[in-house]
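[1] I need the structure of the sequence given here:
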Amino acid sequence: MTVHTSLLSMIGNTPMLKLTAFDTGPCELFVKLESQNPGGSIKDRVGLAIIEEAEKSGDLKAGGTIIEATAGNTGIGLALVAVIKGYKIILVIPDKMSREKILHLEGLGAEIVLTRSDVPEGHPEYYQDLARTIAAKTPGSFLANQFSNPANPMIHRTTTGPEIWEQMDGNIDAMVAGVGSGGTITGLAEFFKEKNPNIQMVVADPEGSIVADAVIKGSFSYDGGSWLVEGVGEDFIPDNLNVDLIDDAEVVTDKEAFQTLQILIRKEGVLGGSSTGTLVAGAVKWCQKQTSPKRVVTFICDTGNKYLSKAYNKSWLHDNDLLEVETAGNVTDLINRRADQGDMISVSVSDT
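    The predicted structure is shown next:
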């Protein structure tokens, strides 16, 4: 058994699992458990790659400050590497992100700047614009810029893709991934299309995001849509996303995503994050449309430990109309949190 001398050497080489709890039509569906990375997500790979490439190029020097706009997981990946290597890190995060992610980042010593999640690119409070502003005002800073940094797709082309190819013995027909920064699906597509041009690259996209339209229709228009899953879906096409390498897309509603998480935990024992719900639901929908057997791979992108107060909280799911609830047809249906069903509300003497 290998004994590691640094947590960083434990990033990658995550296990593969075949799912059995879903109706996948004629297909077999496999998930790569990126939740098993040290920081709990696929973004550990990206954090390590971005920092090491910046060190090689001289863009990041000893004592420097790393700055990034992130939905949380890239921030955790960057902060994990930063704390081990001795860098300061400032992260700009949209206010819809889970409290668990923010606490994790604070535990790693990151400085957190919360900003609005309801404004488009170009607005001064849009998380990427705000990160650029902070970087411009911070001496000795390095803007990680996962949306344009070539180290992002590179790490998936050189590690994630080859790992999947080896685990599947080269027998893979389709790969389903989400788009946040675009690096995962682009890097994977670059690798798989070189191995076999017939491997289908499929985007699982939240309802309200523009990526599926860009893939299927070749054009898109953002109409202010929003979604509750974190880390996937966009209102623009990131520089790191090569749409020409993507073959198909599936749109997944928030309700479909969060209900898929319930099946994963209750029937497969897999505790996945919210974007995992989108990917697995999208993969299942794509599988069900197929007319011949195919071997399909997607990801458990991150651990659900970061979403316990949301994705695994019955009251939050109920409040956001994401839970299928049996109704009694009387006034008890109006009671949100019921003691007879084990629900609980806590208050302190200072609450009003």
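
[2] every contact and neighbour count from this point should use C-alpha atoms.
    Fine.

[3] which residues of the stretch 1-150 of the chain fall in strands?
    16-18, 28-33, 65-69, 88-94, 111-115, 141-143 (DSSP state E, counting those that start in this stretch).

[4] tabulate the ones you listed (a markdown table), appending mean neighbour count, distance to K255 and mean pLDDT.
    Formatted as a markdown table, these follow (neighbours: other CA atoms under 10 Å; distance: least, CA to CA, whole Å; pLDDT from 0 to 100):
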| stretch | mean neighbour count | distance to K255 | mean pLDDT |
| --- | --- | --- | --- |
| strand 16-18 | 16 | 24 | 98 |
| strand 28-33 | 22 | 21 | 98 |
| strand 65-69 | 24 | 27 | 96 |
| strand 88-94 | 24 | 21 | 94 |
| strand 111-115 | 17 | 25 | 95 |
| strand 141-143 | 21 | 35 | 97 |
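
[5] just want the most central residue of this structure.
    Centroid-nearest residue in the chain: G231, 3.9 Å away (criterion: CA atoms, centre = their mean).

[6] so where do the strands sit in the stretch 251-352 of the chain?
    With DSSP E, counting those that start in this stretch as the criterion, the stretch 251-352 of the chain has strands spanning 295-300.

[7] so, low pLDDT: which residues of it?
    For the stretch 251-352 of the chain, applying pLDDT under 70 flags the ranges 325-328, 331-352.

[8] let's see 50
    Counting by pLDDT under 50, not a single residue of the stretch 251-352 of the chain qualifies.

[9] follow-up on the earlier one: so which of the strands of the stretch 1-150 of the chain gets nearest K56?
    strand 141-143 (13.0 Å; CA to CA).

[10] so in that sheet, which strands flank that closest one, and in what orientation?
    strand 65-69 (parallel) (DSSP bridges).

[11] between the partner strand and strand 111-115, how many degrees?
    30 degrees (axes from the mean of the first three to the mean of the last three CA atoms, to 10 degrees).

[12] neighbours of N13, just the number please.
    The criterion is other CA atoms under 10 Å. On that basis, N13 has 18 neighbouring residues.

[13] for A174, see how far away it is.
    Distance, N13 to A174, by CA to CA, to the nearest Å: 20 Å.

[14] swap in L323?
    Taken as CA to CA, the span from L323 to A174 is 30 Å.

[15] neighbour count: the two, which is higher?
    Just comparing L323 and A174: by other CA under 10 Å the higher neighbour count belongs to A174, 21 against 17.

[16] so that one sits against C287, correct?
    No: between A174 and C287 there is no contact under CA atoms under 8 Å: 9.4 Å.

[17] now do the shared contacts for the two.
    K294, V296 (CA atoms under 8 Å, 6 or more residues apart in numbering).

[18] quick one: contacts for T291?
    Contacts for T291 (CA under 8 Å, 6+ apart) come out as P26.

[19] if we use 10 Å, what do you get?
    G25, P26, C27 (CA atoms under 10 Å, 6 or more residues apart in numbering).

[20] got those residues as a markdown table, with neighbour count columns?
    Shown next, in a markdown table, are the contacts of T291 (neighbours: other CA atoms under 10 Å):
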| residue | neighbour count |
| --- | --- |
| G25 | 18 |
| P26 | 15 |
| C27 | 20 |
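
[21] which of the residues you listed fall in helices?
    Among the contacts of T291, the subset assigned to helices under DSSP state H is empty.

[22] ok, back up a step: which ones are touching the residue nearest to the centre of the chain?
    70-74, 97, 178-181, 273-276, 301-302.

[23] which residues of the protein fall in helices?
    43-57, 73-85, 99-107, 127-137, 151-155, 161-167, 183-195, 211-216, 254-263, 274-288, 314-319.

[24] dump the fifth one to PDB, restricted to CA.
    Taking only C-alpha atoms (Å, rounded to 0.1, in the frame of the first residue of the first chain), the coordinates of helix 151-155 have been written out as PDB:
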ATOM      1  CA  ALA A 151      -4.400  24.400 -17.800                       C
ATOM      2  CA  ASN A 152      -8.100  23.600 -17.100                       C
ATOM      3  CA  PRO A 153      -8.900  21.500 -20.200                       C
ATOM      4  CA  MET A 154      -5.300  20.300 -20.300                       C
ATOM      5  CA  ILE A 155      -5.600  18.500 -17.000                       C
END
